[in-house]
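1. Structure, please.
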Amino acid sequence: MLPEIAVVPIDSDVPMKQESLIGCGVMTGVGAAINTARVQPGTTVAVFGCGGVGLNCMQGAAIAGATTIIAVDLLDNKLEMASEFGATHTVNASQDDPVARIKELTGGQGVHYAFEAIGLVEAPFVQSLLCTRSRGVTVWVGHAPPLNTKVTIDAQDLIMEKTVIASMYGSARP
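-> Have a look, this model is predicted:
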């Protein structure tokens with residue numbers, strides 16, 4: 001039994017290739033960039049997590065016209081794949097401090113938009129906020145387990161008019 005919110009009716013004559021586009025990874029990731037964050041042309045983006053959702057956040061940012069897209073992950077093979085989805089830079093968080101590296105890549109400013117697409121542990125949630133520039137938007141796309149995923153932030157990290165928003169299914173309304 002599936003919850004009603006997880007079901008999308010599809011006409012039987014829609015080809016399978018097109019049906020796959022409304023699956024979680026594509027719709028959630030691309031939608032988070034285009035619908036939730038409303039990424040603008042010429043902006044900078046960081047994506048924490050290079051799984052299916054994160055890769056599609058990058059793809060959505062590229063479609064929207066972002067010029068710098070920074071992929072962050074712990075695994076080199078995932079970072080290599082990120083370039084196929086629009087990443088212009090990669091950061092291996094097991095080797096470098098992702099916040100410091102992202103700020104370095106953006107001239108000390110941070111990114112206009114940051115996406116957390118992991119949802120398992122606190123660190124990437126916090127890092128996504130810390131690498132966002134003044135008046136930037138942080139989108140938490142990774143859905144944490146139902147209980148006990150605490151995220152502690154310092155109020156000073158929001159003082160520069162940063163926005164944190166969560167995205168459910170890429171703010172899509174199929």
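
2. would you put the C-alpha positions of the helix or strand encompassing residue 45 in PDB?
-> Here residue 45 is covered by strand 44-48, with elements defined by DSSP states H and E. The C-alpha trace of strand 44-48 is given here as PDB (Å, rounded to 0.1, in the frame of the first residue of the first chain):
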ATOM      1  CA  THR A  44      26.600  30.000  -8.500                       C
ATOM      2  CA  VAL A  45      25.300  26.700  -7.000                       C
ATOM      3  CA  ALA A  46      26.700  24.100  -4.700                       C
ATOM      4  CA  VAL A  47      25.100  20.600  -4.400                       C
ATOM      5  CA  PHE A  48      25.900  18.400  -1.400                       C
END
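
3. list the buried ones in the helix or strand just after that strand?
-> Later in the chain than strand 44-48, the nearest helix or strand by DSSP H and E is helix 52-64. For helix 52-64, burial by neighbour count (16 or more other CB atoms under 10 Å) applies to 53-62, 64. The way it works is simple: take the backbone N, C-alpha and C, and place the C-beta from them, glycine included.

4. ditto for stretch 65-80
-> 66, 68-73, 78-79.

5. of those residues, closest to residue 93?
-> Lowest distance from residue 93 to those (CB to CB) belongs to residue 72, with 5.5 Å.
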